[in-house]
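**Student:** Based on what follows, work out the 3D shape:
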Amino acid sequence: MTQQKTLVVIGGGAAGFFCAINAARLSPALKVILLEKSTKLLSKVKISGGGRCNVTHSCFSISELIKNYPRGAAFLKKSFYHFNTKDTINWFKERQVELKTESDGRMFPVTNSSQTIIDCLLTEAEKYKVEIMMNADAKEIKSSSNDFASIHNSFDIVLNNKKIISTNYICLACGGFPKTEHYNWLIQLGHTISKPIPSLFTFNIPDNKIKALMGITVPNVTLKISGTKLQQQGNLLITHWGMSGPAILKLSAYGAIDLANNNYDFNFIVNWISDFNEQTLKSKISLLRFDIATQKIYNRNPFGLPSRLWEYLLSQCDIKEELRWADLPAKEQNKLIKILCGQEFHAKGKTTFKEEFVTAGGINLAEVESGSMESKIIPGLFFAGELLNIDGITGGFNFQNAWTTGWLAANGIFNKVNSSFS
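**Tutor:** Presented below is the predicted three-dimensional model:
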């Protein structure tokens, strides 16, 4: 009688669950065990999108989709040909979970509840008899034959309680770790690590009066990191510690390495009215001085900015409350043009954006097969999700990475199981 094969998936997040349930579905004879080190499953799914779960993004062109990954784009380009946004939508639809698209491209379940996604994944796990073990923290992976490179190798996983689980296949989907030393147990397997650093974080602005405007959202600003080519456009949120919002989070993702190297001490520039540069704004203000000449500048904001922000910007230019557009002096006009098109701020430090936080860095992608997620070093070892050196910007792209790599790992394991029986 042929001995039953076993897969152990380490990590109870989106990528781990997607690998486990798809592997169990594709390979009914395979025993699938999912290990979660904490007491909570799918915790990021739960809080994503303010509790609604930003499942993916309505970007259906692979060449456009990969532009949203500061790290891992070339690797994912190959992977997305096997499983992409369209496949994610269809996978959930086949399980009676409909997704809707919002104006910014983000896709959520029509129920507006992350619990819909969680329930779907848990139902699949129960349907295909995935065994879930909580408080099961993998501490070490050993080769049963003391030869990780053997194609007939099997593994022993040592848990925190010293229990050992033997398995034929492993999928590592345990998320990103904040420090390199947390990867030591994987480095011992022969894999190399790209240094982990935070991505998707907000900017701290100490001792700046603009923080008094916390809660204000400004649409369509342009942001630049001073002294670099890094630039992003989108909505900006002023907070009690500095600045956040999609534009800041995107900029932090693309600038993650540079900003970490500068110890998060840097200057950045905000163009509050992205439709204008200094030259075009100067022409616009010349027209305003005639068109609304008698109106007070404080009372007439022609750029659609939030009123409290408009008043703050005018105060920064020493413009008096009673001043009319016709009487705007050249000195104050030049100040206003510069501050509207390029106000500079000094950031010192960052704040984790808990909902979207991801880690840049992780398993070196050159050591992983992009079509199957199998290790090129250790046969039978697979990877999925944030543990890989892949990270996306905010908007559903990190979940798409989880679904894609989880599905590919499951499919790779399915093919491996089939070949072992042939």
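
**Student:** can I see the domain layout of the chain?
**Tutor:** The chain breaks down by automatic domain parsing into domains covering 6-198+357-421, 200-273, 278-344.

**Student:** got those as a markdown table, with distance to residue 350 columns?
**Tutor:** C-beta here means a position set from N, CA and C on the backbone, and glycine is covered the same way. What follows is the domains of the chain, written out as a markdown table (distance: least, CB to CB, whole Å):
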| stretch | distance to residue 350 |
| --- | --- |
| domain 6-198+357-421 | 7 |
| domain 200-273 | 4 |
| domain 278-344 | 18 |
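
**Student:** Present those domains as TSV; the columns should include mean neighbour count.
**Tutor:** Formatted as TSV, those follow (neighbours: other CB atoms under 10 Å):
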stretch	mean neighbour count
domain 6-198+357-421	19
domain 200-273	18
domain 278-344	15
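
**Student:** now those in a markdown table, with distance to residue 351 and mean pLDDT?
**Tutor:** Shown next, in a markdown table, are the domains of the chain (distance: least, CB to CB, whole Å; pLDDT from 0 to 100):
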| stretch | distance to residue 351 | mean pLDDT |
| --- | --- | --- |
| domain 6-198+357-421 | 10 | 94 |
| domain 200-273 | 5 | 96 |
| domain 278-344 | 20 | 95 |
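
**Student:** Okay, helices next: where are they in the chain?
**Tutor:** 14-26, 43-51, 62-65, 73-80, 85-93, 114-127, 184-187, 246-254, 256-261, 278-291, 307-316, 330-342, 397-421 (DSSP state H).

**Student:** Can I get the fifth one in CSV? Just the C-alpha atoms.
**Tutor:** This file holds the C-alpha atoms of helix 85-93, laid out as CSV (Å, rounded to 0.1, in the frame of the first residue of the first chain):
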residue,chain,number,x,y,z
THR,A,85,-6.4,39.3,-10.6
LYS,A,86,-9.0,37.7,-12.9
ASP,A,87,-8.3,34.3,-11.4
THR,A,88,-8.7,35.6,-7.9
ILE,A,89,-12.1,37.2,-8.7
ASN,A,90,-13.2,33.9,-10.4
TRP,A,91,-12.0,31.7,-7.5
PHE,A,92,-14.1,33.6,-5.0
LYS,A,93,-17.0,33.9,-7.3
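
**Student:** Output the contacting helices and strands for that helix.
**Tutor:** Other helices and strands packing on helix 85-93, by 3 or more CB pairs under 8 Å, 6 or more residues apart in numbering; DSSP states H and E, are strand 56-57, strand 99-101, helix 397-421.

**Student:** Any idea how far that helix is from the middle of the chain?
**Tutor:** 19 Å (CA atoms, centre = their mean, to the nearest Å).

**Student:** Now distance to residue 227 too, for the helices of the chain, in TSV please.
**Tutor:** TSV is the format used below for the helices of the chain (distance: least, CB to CB, whole Å):
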stretch	distance to residue 227
helix 14-26	36
helix 43-51	34
helix 62-65	29
helix 73-80	24
helix 85-93	35
helix 114-127	40
helix 184-187	34
helix 246-254	14
helix 256-261	9
helix 278-291	19
helix 307-316	23
helix 330-342	14
helix 397-421	27
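
**Student:** Of these, give the one that comes closest to residue 107.
**Tutor:** In terms of CB to CB, the element of the helices of the chain nearest to residue 107 is helix 85-93, at 7.4 Å.

**Student:** quick one, that closest one and helix 114-127 angle?
**Tutor:** Angle of helix 85-93 versus helix 114-127, following axes from the mean of the first three to the mean of the last three CA atoms, to 10 degrees, is 70 degrees.

**Student:** OK, contacts around residue 99?
**Tutor:** Neighbour list for residue 99: 55, 56, 89, 92, 93, 107, 108, 109, 110 [criterion: CB atoms under 8 Å, 6 or more residues apart in numbering].

**Student:** Same check on residue 29?
**Tutor:** Contacts of residue 29 by CB under 8 Å, 6+ apart are 4, 5, 417.

**Student:** wait, doesn't the first one sit right on residue 31?
**Tutor:** Spelled out, that is residue 4. Yes. Checked against CB atoms under 8 Å, the pair residue 4 and residue 31 is within contact range at 5.5 Å.

**Student:** returning to what we had before: okay, the helices and strands packed on helix 85-93 in a markdown table with distance to residue 250 next?
**Tutor:** Converted to a markdown table, the helices and strands packed on helix 85-93 look like this (distance: least, CB to CB, whole Å):
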| stretch | distance to residue 250 |
| --- | --- |
| strand 56-57 | 13 |
| strand 99-101 | 19 |
| helix 397-421 | 10 |
